[in-house]
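Asks: Sequence below, structure please.
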Amino acid sequence: MKKLKFFGKIMFVINSLAAFLLLISYILPFVPPKSFASLSVLSLSVPLLILLNIFFFIYWLLQVKKQMLLSLVVLALGWGYLGSLYKFSSSKKIEDPNNMSVMSYNVRLFNHFQWLPSKTVKEDIVKLIRDENPDIICLQEYRTKDPITLDGYFGFNTTFNNTVKRGQALFSKFPIVNSGSLEFPNTSNNAIFVDVVKEKDTIRVYNLHLQSSGVNTDVDKLKKESSEQLFKQVGTTFKEQQAQVELFLKHKSKCKYKTIVTGDFNNTAYSYIYKKIKGDNLIDTFEEAGNGFGKTYDFKFFPLRIDFILADKSFTVNGFKTFEQKLSDHYPIKTTIKLN
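Replies: Predicted coordinates:
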């Protein structure tokens, strides 16, 4: 560092901080938010930290400086993280008569409060779903008092129901033989599930919507909030998410069927929340067959993937697609899988 000029020294200090934070983030999936909520907040910034370290590696490499080794080593230690951020191979799509497709989409109340200027958001979402024609559809922030009609589907919680929390809906081309709602206390968020029959197999499908932080995603407004406020708010949210995941896992442990878990986790693939849900028996369908960043949430400057479709390891993933239509603050995702 002695041979660096003043600007170079400043850059290396920033580089060192970014490398240190990324290194710390590698332990986040093993740290329960209830034990260390402030540290868990760092999981949201992992995509940015990865991109920063890639930038610094290239920056020093072009200057043939040994400082490039810092980010290179840290990135190499977390090589698996890169697969969660970006898929370098093009999406595979394998046609098979036994394929089934699953779509997950946070529809943001079909633009009920007019966040988007378009007056046809609901109609456009319905058209997208009909065009894609998935076998199973999992919707979050769905308005049961303003339902959509999809011919050829069985549905659960798709119309107003006083006995089940509104917000999530499930549509299936396969017969639904069992269904229910897993209520999370003191929140409007919840999880619903259905058991569907495909030929001789019964498959459990969960649709989750975990607690939202409520943090403003408008960058200009976000700057006005103090870092202390943000850390406290997000840390509290992650504690609530942990409690919700514990309830979900307890429920899931009693299921004897092959399982698909979908939904808006409101957290990233670098978090304790994601790791606990995924466990040892589920695979991330994006990591198996996705392409690019797989961005599912509309946030400026760096990609956030907080919506997931996880499938039992008994499934083979034959395709994955992230859509770019801006009809919500989330982007829909769809996977094609086959039960072995």
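
Asks: Return the set of buried residues in stretch 289-307.
Replies: Within stretch 289-307, the residues scored as buried using 16 or more other CB atoms under 10 Å are 289-291, 293-297, 299, 302-307. In short, each C-beta sits where N, CA and C put it, glycine included.

Asks: Touching that stretch from outside, list them.
Replies: 44, 47-48, 51, 84-87, 89-93, 104-106, 217, 219, 263-269, 286, 317-320, 322, 326, 329-331, 333, 335-336 (CB atoms under 8 Å, 6 or more residues apart in numbering).

Asks: End to end on it, go ahead and measure it.
Replies: Start and end residues of stretch 289-307 are separated by 15 Å (CA to CA, to the nearest Å).

Asks: Looking at it now, give me its mean pLDDT.
Replies: Taken as a whole, stretch 289-307 has an average pLDDT of 90.

Asks: Report how many residues lie close to residue 161.
Replies: 12 (other CB atoms under 10 Å).

Asks: Leaving out chain neighbours, which residue sits closest to it?
Replies: Ranked by CB to CB, 6 or more residues apart in numbering and with sequence neighbours excluded, the top spatial neighbour of residue 161 is residue 144, at 6.4 Å.

Asks: Count the residues that sit near the one you found.
Replies: The number of residues packed around residue 144, counting by other CB under 10 Å, is 16.

Asks: which outside residues touch stretch 77-89?
Replies: 22-23, 25-26, 46-47, 50, 75, 269-270, 284, 286-287, 290-294, 303, 305.

Asks: buried subset of the contacts of stretch 289-307?
Replies: Buried by 16+ other CB under 10 Å: 44, 47-48, 51, 84-87, 104-106, 263-269, 286, 317-320, 322, 329-331, 333, 335-336, out of the contacts of stretch 289-307.

Asks: So which of the residues you listed sit within strands?
Replies: Assignment to strands by DSSP state E places the following of the buried ones among the contacts of stretch 289-307 there: 104-106, 263-264, 317-320, 322, 333, 335-336.

Asks: closest to residue 189 among those residues?
Replies: Nearest to residue 189 among those: residue 264, at 9.1 Å, using CB to CB.

Asks: How much space separates the closest one from residue 130?
Replies: Distance, residue 264 to residue 130, by CB to CB, to the nearest Å: 22 Å.

Asks: Okay, buried residues for stretch 62-74 please.
Replies: 67, 68, 70, 71, 72, 74.

Asks: Could you do stretch 6-26 as well?
Replies: Neighbour-count burial for stretch 6-26 [16+ other CB under 10 Å]: 8, 11, 12, 15, 18, 19, 21, 22, 25.

Asks: Helices of the stretch 1-150 of the chain, start to end?
Replies: Under the criterion DSSP state H, counting those that start in this stretch, the stretch 1-150 of the chain contains helices at 6-25, 37-40, 46-62, 68-77, 79-85, 121-132.

Asks: Against which helices or strands is the first one packed?
Replies: What it means is helix 6-25. helix 46-62, helix 68-77 (3 or more CB pairs under 8 Å, 6 or more residues apart in numbering; DSSP states H and E).

Asks: Kindly format the C-alpha coordinates of that helix as CSV.
Replies: Taking C-alpha atoms only, helix 6-25 is exported to CSV below (Å, rounded to 0.1, in the frame of the first residue of the first chain):
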residue,chain,number,x,y,z
PHE,A,6,-3.4,9.1,-2.4
PHE,A,7,-6.4,8.1,-4.6
GLY,A,8,-5.2,4.6,-4.7
LYS,A,9,-5.0,4.4,-0.9
ILE,A,10,-8.6,5.7,-0.6
MET,A,11,-9.8,3.1,-3.1
PHE,A,12,-8.0,0.3,-1.2
VAL,A,13,-9.6,1.4,2.1
ILE,A,14,-13.0,1.2,0.5
ASN,A,15,-12.0,-2.1,-1.1
SER,A,16,-10.9,-3.5,2.2
LEU,A,17,-14.2,-2.5,3.9
ALA,A,18,-16.3,-4.1,1.1
ALA,A,19,-14.2,-7.3,1.2
PHE,A,20,-14.5,-7.5,5.0
LEU,A,21,-18.3,-7.0,4.9
LEU,A,22,-18.6,-9.7,2.2
LEU,A,23,-16.5,-12.1,4.3
ILE,A,24,-18.6,-11.5,7.3
SER,A,25,-21.8,-12.1,5.2
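
Asks: if you average pLDDT over it, what comes out?
Replies: 94.

Asks: what sits up against that helix?
Replies: Residues outside helix 6-25 that contact it (CB under 8 Å, 6+ apart) are 1, 4, 39, 42-43, 45-46, 49-50, 52-53, 56, 59-60, 65, 67, 70-71, 74-75, 77-78, 270.

Asks: Filter those residues down to the buried ones, PyMOL style.
Replies: Buried residues within the contacts of helix 6-25, by 16+ other CB under 10 Å, are selected in PyMOL with:
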select buried, resi 39+42+43+45+46+49+50+52+53+56+59+60+67+70+71+74+75+78+270
